[in-house]
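Asks: Okay, structure incoming, though there's no sequence with it:
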């Protein structure tokens with residue numbers, strides 16, 4: 001195989017490895033990011049429940065105030081009952097008293113319902129707080145593990161970039177310029193093999209002339225359809 005082609009293939013393999021570092025790093029961070037999102041959701045749930053408990057508190061205070069007003073109203077009705085004499089006035093006061101007592105009963109039921117809601121939400125906050133502590137503990141552990149894994153990845157990056165510098169020193173400058181020109185648009189698929197007479201970049205059958213040139217591998221051959229550098233893998 002032509003030496004220039006060998007170096008181009010070697011350079012493309014190094015570049016593909018470099019291109020893989022981004023997704024690898026993102027994959028390592030995804031686990032920690034998910035834990036962060038989970039912690040954020042729990043914190044929001046706790047915050048929402050806290051606001052709901054405050055709202056319940058306002059409603060309970062309002063209900064307590066209504067009870068005081070209704071109690072005062074019953075006392076006032078009782079006082080009036082001692083002074084009224086006509087049957088019509090007595091009947092009217094009795095109706096007022098019945099309505100007031102019904103309202104007191106309904107208000108007490110509302111307070112009981114609010115108490116249960118408040119208690120349930122407070123219990124839920126306790127549960128969520130425990131879950132949050134657990135997630136934070138997981139995050140601390142994950143951060144430590146991530147640091148170690150990122151350090152290892154960084155070492156790999158250094159090794160690969162050193163390898164790339166070596167290959168670039170050895171490759172013909174004109175060939176490297178030609179490779180870089182294609183890489184700008186083809187990315188990691190700048191150099192691809194021919195399999196079953198098809199370019200693995202565009203998956204189009206190469207011409208017979210191109211196929212013969214690739215078999216001879218006397219020079220760098222490109223796909224007539226897509227322009228990528230192509231080679232016969234069995235010749236490596």
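Replies: Perfect, I can see it now. Here the structure is a predicted model, which means the values were calculated and not measured.
Asks: Could you give the average pLDDT over the lengthiest helix in the chain?
Replies: Longest helix in the chain, counting residues (DSSP state H): helix 87-170. Averaging pLDDT along helix 87-170 yields 94.
Asks: Following element in sequence after that helix, please.
Replies: Once the chain leaves helix 87-170, the next helix or strand it forms, by DSSP states H and E, is helix 173-186.
Asks: buried stuff in the helix or strand following that next one?
Replies: Sequence-wise, the next helix or strand downstream of helix 173-186 (DSSP H and E) is strand 191-195. Going by neighbour count (16 or more other CB atoms under 10 Å), the buried part of strand 191-195 is 191, 192, 193, 194. All C-beta spots, glycine's among them, are computed from the backbone N, C-alpha and C.
Asks: out of the residues you listed, what pair is the most spread apart?
Replies: 191 and 194 (11.2 Å; CB to CB).
Asks: shared neighbours, those two?
Replies: Listed contacts common to residue 191 and residue 194 are 230, 231; contacts here mean CB atoms under 8 Å, 6 or more residues apart in numbering.
Asks: on that earlier part again, by how many degrees do the longest helix of the chain and helix 173-186 diverge?
Replies: Helix 87-170 and helix 173-186 are oriented at 160 degrees to each other (axes from the mean of the first three to the mean of the last three CA atoms, to 10 degrees).
Asks: What count of nearby residues applies to the closest residue to residue 183 other than its chain neighbours?
Replies: Closest residue to residue 183 apart from its sequence neighbours, by CB to CB, 6 or more residues apart in numbering: residue 190 at 4.4 Å. Residue 190: 22 surrounding residues under other CB atoms under 10 Å.
Asks: With residue 214 instead?
Replies: Using other CB under 10 Å: residue 214 sits among 24 other residues.
Asks: Pull the contacting residues for it.
Replies: Residues near residue 214 by CB under 8 Å, 6+ apart: 194, 206, 221, 230, 231, 232.
Asks: Next step: the residues you listed restricted to strands.
Replies: Among those, DSSP state E puts 194, 221, 230, 231 in strands.
Asks: Quickly note the distance from the last one to residue 9.
Replies: Residue 231 sits at a distance of 6 Å from residue 9 (criterion: CB to CB, to the nearest Å).
Asks: list the buried ones in stretch 228-235?
Replies: Using 16+ other CB under 10 Å as the test for burial, stretch 228-235 gives 228, 229, 230, 231, 232.
Asks: any idea of the pLDDT on the nearest residue to the second one once chain neighbours are set aside?
Replies: By the measure of CB to CB, 6+ apart, the closest residue to residue 229 outside its immediate chain neighbours is residue 191, 4.5 Å from it. For residue 191, the model assigns a pLDDT of 96.
Asks: in a helix, that's where residue 201 is, yeah?
Replies: No: Residue 201: not assigned to a helix; according to DSSP: H, G, I helix; E, B strand; the rest coil it is coil.
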